[in-house]
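Participant: Show me the folded form of this:
(one chain, ligands or ions: 1)
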Amino acid sequence: MENFKQLCYDNKVILAPMVRINTLPMRLLALDYGADIVYTEELIDHRLIKCSRHVNDTLQSIDFIDKSNATVVFRTCSREKLHVVLQIGTSDPERAAKAAQVVEQDVAGIDINMGCPKDFSLKGGMGAALLSCPDKACTILSAVVSAVSIPVTCKIRVLPDINDTIELCKKLATTGIAAIAVHGRTVKERPNHPNRNHFIKAISEALDIPVIAKLLLIRYTNVLCLSRYVLTNNNVCFSGGSKEIETFEDITKFKNITGCSSVMIARTAEKNCSIFKRDGKLELGTIIRDYLHHAVDYDNVAPNTKYCIQNMLRNIQETEQGRHFLESTSLQQIWFV
Ligand SMILES: Cc1cc2nc3c(=O)[nH]c(=O)nc-3n(C[C@H](O)[C@H](O)[C@H](O)COP(=O)(O)O)c2cc1C
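Facilitator: Modelled structure (predicted):
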């Protein structure tokens, strides 16, 4: 209950899950700049359940280490404990529940990925594959909700039909999840397709009293628990707006368009994490330096650090500021800041 009070999904600006980008340094950077909640990259249940928890006194971190090859699968620290949501890739209720239990004491929430369109996920029955198996999706969510005492959420993509999407959301909402994040593109749509903001608006309007009533009736008898799982439009997070979100003010605009009180940002944050700053974005050089401080402090693996910085650089090449930055600074210089 204590954790839930801390992790509320109402009116939040959120760093959306991004594979290889959202390791600890990026999550801390987003928090520095003003994000309220930060998602991890998707971590597959098979890997998490093989992990053991280690308190790393040198780095002041908590490490989840895969014993079979001594790899750090997930590193976190006390600073993010009340803000970090760990996203699990799964196709199995039992494994999902076990994976959630492995990290439960060190994170603020658990999210189940139901939107990944990649072959790897679809072939394994994970990610967007769950959108076409709603019963299985619900079984997974219910298993995780029962297994842990922190909030559980899921992140979906919209279905081609608006009413089917609303029905799916209502069904998922009966499992006791605390929020749904909706990416307004279908599985087949690519990032350059327009985001279906009107779908998200319809969902946020539909997920109101009936869903609350259903949840209250079906799942809980204890009054203290009731308010914990009420799912209204305040608990629908908007995702998919990066093409149209360039400034912090744009976030408010999208809240209004979609009727969601929370907004998740992926690609805009990937290229300029200071999008979360209320008082305006920072120069890329400052962002990279701030990022590197966290990467060094937490001994982030070099290939991952390099990948994130290369993405920031690649993504700004087309902007005036980016061209100027690249002309005046070499990657070599940045690397040794
Ligand atoms: C590099 C990258 C990695 C991503 N990885 C994940 C992931 O692990 N889990 C997930 O649910 N979505 C993932 N996504 C999707 C984003 O979370 C988000 O829903 C999508 O990019 C649309 O939001 P945007 O317009 O703000 O970019 C990823 C997106 C990008 C660009």
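
Participant: now the strands for the chain?
Facilitator: 13-15, 37-44, 51-56, 61-66, 71-76, 84-89, 109-114, 152-157, 179-183, 236-239, 262-265 (DSSP state E).

Participant: Mean pLDDT lowest where, among those strands?
Facilitator: Mean pLDDT per stretch puts strand 236-239 lowest among the strands of the chain, at a mean of 72.

Participant: who's in contact with stretch 25-35?
Facilitator: Residues outside stretch 25-35 that contact it (C-beta atoms under 8 Å, 6 or more residues apart in numbering) are 13-15, 18, 38, 40, 77, 79-80, 83-84, 269, 273-278, 282, 287, 290-292, 294-295, 298, 300, 305, 308. Using the backbone N, CA and C atoms, a C-beta is placed for each residue, glycine as well.

Participant: Give the rounded mean pLDDT of it.
Facilitator: Stretch 25-35 comes out at a mean pLDDT of 98.

Participant: and the closest residue in space to residue 68 that isn't next to it in sequence, how many neighbours?
Facilitator: Distances taken as C-beta to C-beta, 6 or more residues apart in numbering place residue 50 nearest to residue 68, at 6.2 Å, with adjacent residues excluded. If you count neighbours by other C-beta atoms under 10 Å, residue 50 ends up with 17.

Participant: repeat for residue 118
Facilitator: Neighbours around residue 118, by other C-beta under 10 Å: 14.

Participant: rewinding a little: return only those of the contacts of stretch 25-35 found close to the ligand.
Facilitator: residue 18 (C-beta under 6 Å from any ligand atom).

Participant: care to break the protein down by domain?
Facilitator: The chain breaks down by automatic domain parsing into domains covering 2-276, 284-335.

Participant: lowest-confidence stretch among the ones you listed?
Facilitator: When I compare these, domain 284-335 is least confident, with a mean of 79.

Participant: Identify each of the helices in the stretch 201-337 of the chain and give its residue range.
Facilitator: With DSSP state H, counting those that start in this stretch, the ranges of helices along the stretch 201-337 of the chain come out as 209-218, 223-226, 248-258, 267-271, 284-297, 302-316, 320-328, 331-335.

Participant: Dump the strands of the chain to JSON lines, plus mean neighbour count.
Facilitator: Shown next, in JSON lines, are the strands of the chain (neighbours: other C-beta atoms under 10 Å):
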{"stretch": "strand 13-15", "mean neighbour count": "26"}
{"stretch": "strand 37-44", "mean neighbour count": "24"}
{"stretch": "strand 51-56", "mean neighbour count": "14"}
{"stretch": "strand 61-66", "mean neighbour count": "19"}
{"stretch": "strand 71-76", "mean neighbour count": "19"}
{"stretch": "strand 84-89", "mean neighbour count": "26"}
{"stretch": "strand 109-114", "mean neighbour count": "27"}
{"stretch": "strand 152-157", "mean neighbour count": "26"}
{"stretch": "strand 179-183", "mean neighbour count": "28"}
{"stretch": "strand 236-239", "mean neighbour count": "27"}
{"stretch": "strand 262-265", "mean neighbour count": "25"}
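
Participant: of all the ones you listed, which lies closest to residue 247?
Facilitator: Comparing those by their distance to residue 247 (C-beta to C-beta), the top pick is strand 262-265, with 11.6 Å.

Participant: Contacts for that closest one, please.
Facilitator: So strand 262-265 is contacted by 9-16, 39, 179, 181, 234-239, 241-242, 245, 251, 254-255, 275-276 (C-beta under 8 Å, 6+ apart).

Participant: switch the cut-off to 7 Å
Facilitator: Identification of contacts with strand 262-265 by C-beta atoms under 7 Å, 6 or more residues apart in numbering yields 9-16, 181, 237-239, 241-242, 245, 251, 254-255, 275.

Participant: gap between it and the chain center?
Facilitator: 9 Å (C-alpha atoms, centre = their mean, to the nearest Å).

Participant: ok, it: who's next to it in the sheet?
Facilitator: strand 13-15 (parallel), strand 236-239 (parallel) (DSSP bridges).

Participant: what about it and the ligand, any contact?
Facilitator: Yes - if you take C-beta under 6 Å from any ligand atom as the test, strand 262-265 does meet the ligand, through residue 265.

Participant: What of stretch 157-171?
Facilitator: No - using C-beta under 6 Å from any ligand atom, stretch 157-171 never reaches the ligand; the gap is at least 8.0 Å.

Participant: and the gap between the residue nearest to residue 286 when sequence neighbours are not counted and residue 167?
Facilitator: Computed as C-beta to C-beta, 6+ apart, the closest residue to residue 286 that is not its neighbour in sequence is residue 274, at 7.8 Å. According to C-beta to C-beta, to the nearest Å, residue 274 and residue 167 sit 39 Å apart.

Participant: Pick out whichever of those two has more residues nearby.
Facilitator: residue 274 (21 against 14).

Participant: And the more buried one, how close does it get to residue 13?
Facilitator: Distance from residue 274 to residue 13, by C-beta to C-beta: 12 Å.

Participant: who in the stretch 151-300 of the chain is up against the ligand?
Facilitator: 155, 183, 239-242, 265-268, 270.

Participant: swap the cut-off to 5 Å and go again
Facilitator: Within reach of the ligand by C-beta under 5 Å from any ligand atom, the stretch 151-300 of the chain has these residues: 155, 183, 239-240, 242, 265-267.

Participant: I am finished for the moment; much appreciated.
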